[in-house]
Each structure stands twice: as structure tokens, then as C-alpha cells.
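Colleague: heads up, no residue letters with this:
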């Protein structure tokens, strides 16, 4: 029989749920939501102070200079260099591609090194120097290289800066901080347009504009570097704050923060937040509006209203500056609304998109220049407001280590999917129907932006709760283990899983102790195999968590879980058919055997002479029972902590099943916990002392195996289901 159950799994999970419920108020307060958050919103941003915001705002302002100058001076650069509009547009696309690659690289570097402030400063220095170098470029290649580096520096303000600000400031004041950072970026754009206008008035070339902006940027960056901005402690203002508040409700010291997870795991974890997925779609729609709008604006003024270069740049400066009062007006209103309704930022984005669409209509339809200018200013201000609101929504629902990666994905959606895609699509409309037609066509993505943002708003509150829930569960598991109590080897809590739109698991709780042999029973389609897939990493839940020895492995990939000691023998698919028996075993022995591969193989063949006789035979030619034996032999080689066996006895003769059960007992006696999925109650209860019963994706029974026989309602469903299956098969044969 299996090892005695050291922990009452149901009691353990019930106690965990009770502690989570008791901590719910403090969790919501720490995350800046709930009825008490308005009071918390009056607290100062005490964790980072104003220093971090001021320094990052300065970097954002100067990083905006080169790309705005490039867009503003496109007509002059075309005349001076002889390059066509198409060639310069291609250079714009290349700079956007550099920004996308740079965003991904910056996110990876931030996750690997953790010194986000230093990385941001280093990239800013490179960007300032590249801006000046672009002015001196003698060839198109040199100009493209300088703009590419400057684009990466600008990407840092969209990838690293928001993550630092969300880390450094309390949730209650993040709105105003992100809006202030956006205002600095807007101020840099206004300064770039004003600089270009002044140089044009003085009859200086575009090269002078780049040289001056590069010098200004370098001075600003050097000043920022010398001031030595402080790196915020990851998660100090939210997830670590939740841990601190929850720890006051229990005995013992709070456990140390978890070590960073692999970047791929963090990205998967983030993408399973509905808010993040939906906000990425909103970013794509925003890029499809903003980037073509900015690109078309200068040509629209020149072609439609015949505004000369000097006046055109001044008009763009005024239109861009209109975003500053709009940012100031919206920031405080959204901050108060966010405390009461976490979906408020996205609802505001939807409203801003409609305002932008109205501004575009006014700009295109106006017969008076001043009215057209007002429409253009309104459209630019509205899309500018959306940026900090999207940052606030997406970055607030993920843990600190994932924030640079989420910001990088946002830029990928904005620049690559939306921006570059928008320029290519709407550029074709521009060539066919003129600039007015191109601007009118932007109404479609603006309306799509409003719809997507509105649909994303309702899920933010639930994701904030899930973030707090994940932190509390991890805290309680660590505290439980630290108190000297026995922690279950495997803990699955509240698992939901869907195949597309079809949900299969509904709030499944499941625990396994060290060395335990557990039977997982249920009817066909109950979700047993799906639960094993989630535990082994072949599928990721839409809700809930999986912990191994107290460590959260919910979004760890299957290869990593195998190294941690979770192995699965899938029903009927446990072998590589074209390979021989020996080759099947050698693959596993080399990948994960804890002893010498040769010695481990000798042990397997000594224990199972039938496999030794067929060692050079292709696995596909083995009988069903022999294939199951080979699959279990692989598990014996791996010596996992947890072995998941799916449908061991399906379609096999009783004698073969008996041999396989003895092999399962042997694996279990050597210390491996086994989860055995079975439809046969008799087979399962002959070997296991604890059982779970699933029906329609839910756990209906969790307790001693002997007591399952007292549940006639459950056992009958298994027998009746099996009988129905046999009758159906007999009917098909007839």
C-alpha cells in the first residue's frame, strides 16, 4: 500500500482559503482598490520620492527629440538629400523595427540583470550620442544607424521607465506619476518642433537640428547619471506590500521574496491575465491611429493648407502642446476613479478614442484653418492621453519582474502590429485617395480602439484580485512550511482550464503528499487527463495555481517540471514508436537518470526480462501491455518525485494489468508519489489508499479510497459509464 497520508489535503486547502479570505481587505488596500483606497490615495509617493520621476521625465523629454525632428523635417530632408518620400518612409519603418528589437532586448536585459535604472541610463547615453552622429552622417546608411540607436533609446522610455515608475510608487499615486512622465515626453516633442521651426527660420539645415538636439540630450543624460538615481526595490509598492500586510495576521517572520522566475515563465504568466491580452490588442489599435496620424500631419498641413516649413513646425508644436493641459485635466480624475473602479482607465481610453475620431473629422472637414488646427490638436491630445492609461492598466496586474516584458510586448503591438501595419495600409490609401483620404481612413482604427478598450475594462478588477490572491497563496505556503508543519508535495488550487471556448476544469483543488499513491477516478470527459496535463506543464490554467514543495510552478514549461521531478506516462502514447526499446530507454536515461545511464538500464532489464528480450525491437511493434511497461520503465529511470500515470489498464488483459500494477507499487515503494488515473474502481482501489473523484470538471470526492465505495452515486456513474461504452462498441461491431 502507499505511504500514509501525512497531511489532510482538504483541511490544508480549507485553512489556506480561510487565511486568504481574512487577508482580502488588506490585499485590496495594498493594490489600491476597494472602498478604503481613496484614503490611501492621499498618501505621498514615499517609496521613490520625486527624484526618480524627475530623472526619468528628463530622460523621456530628451529621448523624444530625434524621432520627432526626423518626422517634422521629412520634407526638408527629402529636398536636401533627393530621397523620395517612399525612401524616407522606409527609413521610418526601419527605425520602428529597431525600436521593436531594442524593446525585446531591453526587457531581456532588465530581467537578467535586474539593474533597470543602470540599463536605462546606458541606453540614454548611447541615444544622445547617436543623435549627434546622425547629423554628421555622410551616407544614408550612417543616418539609418544613428536613427536606429536613437529609436532604441526612445524605446527604453516606453519599456523600462513605466516599469520603474510602477515599481517605485504606490498604486494610489501611479496615475499622476505616469501622466507626469507622459507630459515630460510630450514636452520634449513640443521642444523638438519648436527647435526645428527656429532653425528653419534661421535658414539652418536639418543637420544642425540633430546636432543641437544631440548635444542637449547628452548634457541632460550626464546630469541624470551624475545624480545617481536609486533603483526601486522590485514589487515594494504592491506585491511586497501585500506580503507585509498579510504577515501581520500570522505568527512568525515573513519569508524571503521568491527568486526571479525564467523570463519565458513570467511572460506566459502575464499573458494569462485577460487584462494584458486585451490591452495588447488596444495598443495595436492605438499604433494604427497614432503613427500614421503623426506621419501624415506634416504633409497634410503642407499640401492641404500650403503651410510653409516654418509655420508648419510651429503649428505642430502648438497642436502637440495641447496634450499638456489635457493630461493634467484627466490625471486626477482617473486617479480617483481608479481607486473605486480599476476598469476606469480603459473606459477613459475608449472615450479618448472617440474624441480623437471627432478631432479627425473636424480637421478633415474644416474649411477654416484655425478649425482644422483645433481638430488636429484634439486628435493628438486624445491619443496622447491613452498611453499612460494603458500602462497603468497592464502593469498594475502583473508582478514586478514581468513588467519590462509586458511593456516590451506593448511596444511590439504598438510599433510592429499597429504602427508599421498602419503605415503600410493607410500609406496605400494615401497614395490612391490623397492625404485627406488617408486621414479619414484612420477613423476605422480609432473606433476599433474605442471598442477594444471598452471591452477590456471589466476584467481589470478580477486580475488585480488574482494578483493579490497569488501573492497571499505563495506567502501562506511559505509560512506554513516555515512553521515546521508538513506541506503537501503537490498543491493544485482553484484550477480552471479551457480548450478554446470550452471550459473543462472548474475550480479543481488537488493535493498529493510525499510518497503517496493517489487514485484519480471519474467518468469519461470528467477532466482527469486534462488535470494531469496542467500538472505536468502541457497546458496552463486560466485561473488557479500549481505548487511543488511550496514553489509556484503554474506557468513553468514541461521540460523544467521534468527536471524538478514531475513525469507523466500518457495513456497509449508513452513510447516513441519508430525507436527500439533500447533507444527509448537511452533517450530517457541520458536526459534525466540520476545514476549512470548504463547501470540504470541494466536495472530496468533485470526487473523486466520481457523488455530485455525485445530490446532491439521497434516500440511500435510491442503489444499494448508491453508499451505501457516500457512507459513505466522510463519513469523508473527518471526516479521522479511525482509520477502521473494516465489510463494504465485501458484495453489490457487482467494479467497484464496485474504486472503493471506491481511495477507501479515498486516505483512508489522507492519514494515516488504516484497519481494513477483510472476508470476501473476495482483496479484503482486495489492499489491506492486515497482517492479523488471527478465529474464534469469538478472534484466531487476527496478522501480515503475505502470511503469512496460508500458513495453509490459516484461509483455507479463509473460503472454505468463503462457499461454504456461497452454496449456502444458492441453495437458498432454488429
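Modeller: Looks like it arrived, so ask away. This structure is a prediction, so every number in the text was calculated from the model and none was measured.

Colleague: check which helix or strand covers the closest residue to residue 102 other than its chain neighbours.
Modeller: Nearest residue to residue 102, sequence neighbours excluded (CB to CB, 6 or more residues apart in numbering): residue 152, at 3.3 Å. Where you see a C-beta, it was placed from the backbone N, CA and C, and this is true even at glycine. Using DSSP states H and E, residue 152 sits in helix 140-168.

Colleague: Just the pLDDT at the residue nearest to residue 102, thanks.
Modeller: Note for residue 152: predicted pLDDT of 90.

Colleague: Check residue 522 too.
Modeller: 86.

Colleague: which one is residue 570 nearest to, not counting chain neighbours?
Modeller: Nearest non-adjacent residue to residue 570 (CB to CB, 6+ apart): residue 646, at 5.2 Å.

Colleague: surely the one you found meets residue 538?
Modeller: No - in this structure, residue 646 is not within contact of residue 538 by CB atoms under 8 Å, at 11.1 Å.

Colleague: what sits in contact with each of the two?
Modeller: residue 568 (CB atoms under 8 Å, 6 or more residues apart in numbering).

Colleague: Please say which of these two ends up with more neighbours.
Modeller: residue 646 (24 against 15; other CB atoms under 10 Å).

Colleague: what about the more buried one, distance to residue 676?
Modeller: 9 Å (CB to CB, to the nearest Å).

Colleague: what's the answer for residue 320, then?
Modeller: 66 Å.

Colleague: now do residue 518
Modeller: In this view, residue 518 and residue 676 are 7 Å apart by CB to CB.

Colleague: Now do the shared contacts for the two.
Modeller: Common neighbours of residue 518 and residue 676 (CB under 8 Å, 6+ apart) are residue 688.

Colleague: in a strand, that's where residue 229 is, yeah?
Modeller: No - counting by DSSP: H, G, I helix; E, B strand; the rest coil, residue 229 is not found in a strand; it is coil.

Colleague: what residues are up against it?
Modeller: 51, 52, 55, 56, 117, 121.

Colleague: Check residue 691 too.
Modeller: Listed by CB under 8 Å, 6+ apart, the contact partners of residue 691 are 518, 519, 520, 521, 684, 685, 701, 702, 703, 704, 705, 708.

Colleague: Show the buried residues in those residues.
Modeller: 518, 519, 520, 521, 684, 685, 701, 702, 703, 705, 708 (16 or more other CB atoms under 10 Å).

Colleague: between those, which is nearest residue 396?
Modeller: residue 702 (35.5 Å; CB to CB).

Colleague: what are the phi and psi values for that closest one?
Modeller: Dihedral pair for residue 702: phi -150, psi 110, per degrees, to the nearest 10.

Colleague: How about residue 315?
Modeller: Dihedral pair for residue 315: phi -60, psi -40, per degrees, to the nearest 10.

Colleague: returning to that earlier point: most neighbours among the contacts of residue 229, please name it.
Modeller: Ranked by neighbours (other CB under 10 Å), the contacts of residue 229 are led by residue 56, which has 28 neighbours.

Colleague: ok but it is inside a helix, no?
Modeller: Yes - the assignment for residue 56 (three-state DSSP) places it in a helix.

Colleague: From residue 121, how far off is the spatially closest residue to it that is not a sequence neighbour?
Modeller: Leaving aside its sequence neighbours, residue 56 sits nearest to residue 161 (CB to CB, 6+ apart; 4.9 Å). According to CB to CB, residue 161 stands 11 Å off from residue 121.

Colleague: Pull up the overlap in contacts between those two.
Modeller: With CB under 8 Å, 6+ apart as the test, residue 161 and residue 121 both reach residue 59.

Colleague: What does the pLDDT read for the residue nearest in space to the middle of the chain?
Modeller: Nearest to the mean C-alpha position of the chain, by CA atoms, centre = their mean, lies residue 270 at 2.4 Å. The confidence metric pLDDT takes the value 93 at residue 270.

Colleague: ditto for the one 3 residues further on
Modeller: Residue 273 is assigned a pLDDT of 93 by the prediction.

Colleague: Looks like it contacts residue 466 (just checking).
Modeller: Yes - the pair residue 273 and residue 466 qualifies as a contact (CB under 8 Å) at a distance of 7.2 Å.

Colleague: Same drill for the two, tell me which one is more crowded.
Modeller: residue 273 (23 against 20).

Colleague: picking that back up, what do residue 273 and residue 466 both touch?
Modeller: Jointly contacting residue 273 and residue 466 under the rule CB under 8 Å, 6+ apart are residue 397.

Colleague: Go ahead and name everything in contact with stretch 192-209.
Modeller: 64-66, 68-69, 72-73, 76-77, 80, 135-136, 212-213, 309-310, 313-314, 316-317, 320.

Colleague: What are the boundaries of the strands in this structure?
Modeller: Along the chain, counting by DSSP state E, strands occupy 490-499, 502-512, 517-522, 543-548, 551-552, 566-569, 642-646, 673-678, 690-695, 698-704.

Colleague: Can you tell me which helices and strands the first one packs against?
Modeller: Yep, that's strand 490-499 we're talking about. Applying 3 or more CB pairs under 8 Å, 6 or more residues apart in numbering; DSSP states H and E, we find strand 490-499 packed against helix 9-22, strand 502-512, helix 528-536, strand 543-548.

Colleague: Centre of the chain to the second one, how far?
Modeller: Between the mean C-alpha point of strand 502-512 and the mean C-alpha point of its chain there is a distance of 22 Å (CA atoms, centre = their mean, to the nearest Å).

Colleague: Provide the angle between the direction of it and the direction of strand 642-646.
Modeller: Here the directions of strand 502-512 and strand 642-646 differ by 140 degrees (axes from the mean of the first three to the mean of the last three CA atoms, to 10 degrees).

Colleague: Can you give the strand pairings for strand 502-512, parallel or anti for each?
Modeller: Each strand paired with strand 502-512, and its direction, by DSSP bridges: strand 490-499 (antiparallel).

Colleague: So what's the residue count around residue 531?
Modeller: 29.

Colleague: swap that for residue 319, please
Modeller: The tally of other residues near residue 319 (other CB under 10 Å) stands at 24.

Colleague: Ok, residue 563 next?
Modeller: Neighbours of residue 563 under the rule other CB under 10 Å: 10.

Colleague: Could you do residue 50 as well?
Modeller: Neighbour number of residue 50 under other CB under 10 Å is 12.

Colleague: What of residue 190?
Modeller: There are 21 residues near residue 190, going by other CB under 10 Å.

Colleague: isn't it right up against residue 315?
Modeller: No - contact criterion CB under 8 Å: residue 190 and residue 315 do not qualify, at 11.9 Å.

Colleague: Residues in contact with both of those two, list them for me.
Modeller: Joint contacts of residue 190 and residue 315 (CB under 8 Å, 6+ apart) do not exist.
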